[in-house]
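K.L.:
could you look at this predicted model? Sequence included:
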Amino acid sequence: MGIVSLEPMLLKAYKNGYAVGQFNINNLEWTKAVLQTAQELNSPVILGVSEGAAKYMTGFKVVADMVKAMVNSMKITVPVALHLDHGTYEGAKLAIEAGFSSIMFDGSHYPIQENIEKTTELVALTRKLGLSIEAEVGAIGGEEDGVIGGGEVADPKECKMIADLGVTILAAGIGNIHGKYPANWKGLNFEVLQEVNRITKGVPLVLHGGTGIPDEMVKKSISMGVSKINVNTECQLVFAAAVRKYIEAGLDLQGKGFDPRKLLAPGVEAIKKSVKEKMELFGSVNQA
Ligand code: 13P
């Protein structure tokens, strides 16, 4: 099947009241774990790649080629999108050139007029190529790969202005934060989400910062137009904990336990378990 645009996948989710997970990938193990789980659960899936992760994997082209080859060699038949996460204006163009099927242009830190101008240009480019584009209004809190957001709550009128540019999906800050949520977190702002959904009707919404949001809030957000939920930190945490446990048990010192394929296996299994739980929570199982 190859990699696909987000548009049909997320319009279907929006219409039918579930969300598709975006799981950020860091390497081959991550990619394999997410793809395997999606196939096992017959769920559509979005592989998210930040510019930092792409740099770590030595470039957008390496990532695009790896993902396409793995989708092929693993005989993946569920829809898979390869999506640039929090792309810059320049990065978005490079990811498109390298063969990504979808981009996010994060212009939330620009004044709204500049966000509109740059988003307009990238909408035209992606539309011409049959790719999908996510735009953002109201920076997501916390830090991800050097992209720091203040956790703003988006202005629904600005959301409408960006949605009207023809973006495929829209990320609106509603108090969500990348990484772990602080103990005094106020929760998601559902009033704003409801208003954004009302005035951008027809455009699926994106919830960033999917790690640590209580299940009930996740479900409520899906009922208010959220059709894509991004998860990154959670997979990192469970991977690290599982590999730590393996090493602390001294298993790397037994026989060929130092073999990276053995050493990283518990981490991969932990990612698969988390991805499965999220797909079940989001309702994307059997929606391929
Ligand atoms: P978390 O790292 O909090 O899961 O957020 C992921 C994300 O929003 C990627 O854009």
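P.N.:
Yep, it's here.
K.L.:
next, the distance between the ends of stretch 225-243.
P.N.:
Taking Cα to Cα, to the nearest Å, the first and last residues of stretch 225-243 lie 37 Å apart.
K.L.:
now do the host helix or strand of residue 63: everything it contacts.
P.N.:
Element membership of residue 63, judged by DSSP states H and E, is helix 60-73. In this structure, residues lying in contact with helix 60-73 by Cβ atoms under 8 Å, 6 or more residues apart in numbering are 1-3, 25, 28, 31-32, 35, 47, 49, 53-54, 57, 76, 80, 82, 84, 94-95, 97-100. For glycine as for every other residue, the C-beta is placed from the backbone atoms N, C-alpha and C.
K.L.:
what residues sit buried inside that helix?
P.N.:
Across helix 60-73, burial judged by 16 or more other Cβ atoms under 10 Å covers 60, 61, 63, 64, 66, 67, 68, 70, 71.
K.L.:
what residues does the protein have near the ligand?
P.N.:
Residues of the chain lying close to the ligand (Cβ under 6 Å from any ligand atom) are 24, 48, 85-86, 144, 178-179, 208-211, 230-234.
K.L.:
quick one: whichever strand in the chain runs longest to helix 60-73, angle?
P.N.:
Longest strand of the chain, by residue count under DSSP state E: strand 80-87. For strand 80-87 against helix 60-73, the angle by axes from the mean of the first three to the mean of the last three Cα atoms, to 10 degrees is 160 degrees.
K.L.:
if you average the pLDDT over strand 80-87, what comes out?
P.N.:
In this model, strand 80-87 carries a mean pLDDT of 98.
K.L.:
could you check how far the nearest residue to residue 174 once chain neighbours are set aside is from the ligand?
P.N.:
Excluding the flanking residues, the one nearest residue 174 by Cβ to Cβ, 6 or more residues apart in numbering is residue 189, at 4.5 Å. According to Cβ to the nearest ligand atom, to the nearest Å, residue 189 stands 16 Å off from the ligand.
K.L.:
list the contacts for residue 189?
P.N.:
Residue 189 touches 153, 174, 175, counting by Cβ under 8 Å, 6+ apart.
K.L.:
so what's residue 279 up against?
P.N.:
21, 37, 38, 41, 43, 45, 285.
K.L.:
just the closest of the residues you listed to residue 164, please.
P.N.:
residue 21 (27.1 Å; Cβ to Cβ).
K.L.:
which element is the closest one on?
P.N.:
Residue-wise, residue 21 maps onto strand 20-24 under DSSP H and E.
K.L.:
direction included, what does that strand pair against?
P.N.:
Strand pairing for strand 20-24, using DSSP bridges, gives strand 45-50 (parallel), strand 226-231 (parallel).
K.L.:
related to what we said a few turns ago, now do the helix holding residue 63: distance to the chain's middle.
P.N.:
17 Å (Cα atoms, centre = their mean, to the nearest Å).
K.L.:
okay, now the residue of the stretch 1-150 of the chain found nearest the ligand: neighbour count?
P.N.:
Closest residue of the stretch 1-150 of the chain to the ligand, Cβ to the nearest ligand atom: residue 85 (4.6 Å). By other Cβ atoms under 10 Å, 28 other residues sit near residue 85.
K.L.:
that one contacts residue 46, doesn't it?
P.N.:
No - using Cβ atoms under 8 Å, residue 85 is not in contact with residue 46, being 9.4 Å away.
K.L.:
highest neighbour count among the contacts of residue 189?
P.N.:
Most surrounded of the contacts of residue 189: other Cβ under 10 Å gives residue 174, at 27 neighbours.
K.L.:
how near is it to residue 224?
P.N.:
From residue 174 across to residue 224, the span is 10 Å (Cβ to Cβ, to the nearest Å).
K.L.:
which neighbours do those two share?
P.N.:
Residues touching both residue 174 and residue 224 (Cβ under 8 Å, 6+ apart): 190, 193.
K.L.:
endpoints of stretch 205-223, how far apart?
P.N.:
End-to-end span of stretch 205-223 (Cα to Cα): 11 Å.
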